[in-house]
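J.: how would this look folded up:
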Amino acid sequence: YLKDIEYVGVLCKDLDKSLEFYCNVLGLKTCDLRPDKSLPFRGVWLWVGEQMIHLMELENPDPVHGRPSNGGRDRHMCLHIKNLDGLKAILKTKGVSYTESMSLKPQLFIRDPDGNCLEFQPLDMEPSCRVE
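T.: Sure thing, here's the model as predicted:
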């Protein structure tokens with residue numbers, strides 16, 4: 001049975017622009033495990049705790065425009081964060097817009113440069129479902 005997530009693959013049009021966002025805005029660190037010589041596209045693996053986001057510079061088949069304004073109603077990944085208010089302050093400083101959860105839970109949603117949606121919620125928030 002499934003236990004956890006190893007990584008999430010995220011498509012990006014411009015790897016350098018995406019790295020600026022994920023590393024310099026969100027503070028993620030790169031992982032040197034990516035086998036650059038064996039993959040036919042540019043990419044970078046990023047650590048999120050013990051899991052990863054795999055940024056892959058490939059053509060995105062999904063539309064960027066016309067997506068829901070609130071990311072909670074779109075495809076998204078949810079990431080735990082220690083300090084949600086601290087993230088809000090960083091996002092404001094960096095000029096990154098966000099929406100808050102329509103459920104009134106302490107969550108927020110942002111989009112990366114390619115329109116991929118990320119949700120953030122505090123570590124101590126009770127999950128909406130749990131598999132035992």
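J.: C-alpha only now, for contacts and for neighbours.
T.: Will do.
J.: can you list contacts of stretch 3-20?
T.: Here stretch 3-20 makes contact (CA atoms under 8 Å, 6 or more residues apart in numbering) with 42-44, 51-60, 112-114, 116.
J.: which ones are touching residue 113?
T.: By CA under 8 Å, 6+ apart, the contact list for residue 113 reads 12, 17-18, 21.
J.: Return the subset of those lying in helices.
T.: Judged by DSSP state H, the subset of the contacts of residue 113 located in helices is 17-18.
J.: between the contacts of residue 113, which is nearest residue 75?
T.: Comparing the contacts of residue 113 against residue 75 with CA to CA places residue 12 closest, at 15.2 Å.
J.: any idea which helix or strand carries the residue nearest in space to the middle of the chain?
T.: Nearest residue to the geometric centre of the chain (CA atoms, centre = their mean): residue 118, 4.2 Å. Here residue 118 sits within strand 117-122, counting by DSSP states H and E.
J.: Could the C-alpha coordinates of that strand be exported in PDB?
T.: The C-alpha coordinates for strand 117-122 follow below in PDB (Å, rounded to 0.1, in the frame of the first residue of the first chain):
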ATOM      1  CA  CYS A 117      -0.900  25.900  -8.400                       C
ATOM      2  CA  LEU A 118       0.700  25.400  -5.000                       C
ATOM      3  CA  GLU A 119      -1.300  25.300  -1.700                       C
ATOM      4  CA  PHE A 120       0.300  26.000   1.600                       C
ATOM      5  CA  GLN A 121      -1.000  25.000   5.000                       C
ATOM      6  CA  PRO A 122       0.400  25.000   8.500                       C
END
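J.: Can you list the neighbours in contact with it?
T.: Contacts of strand 117-122 (CA under 8 Å, 6+ apart): 71-72, 74-84, 106-112.
J.: can you rerun that using 6 Å?
T.: 71, 76-82, 107-111 (CA atoms under 6 Å, 6 or more residues apart in numbering).
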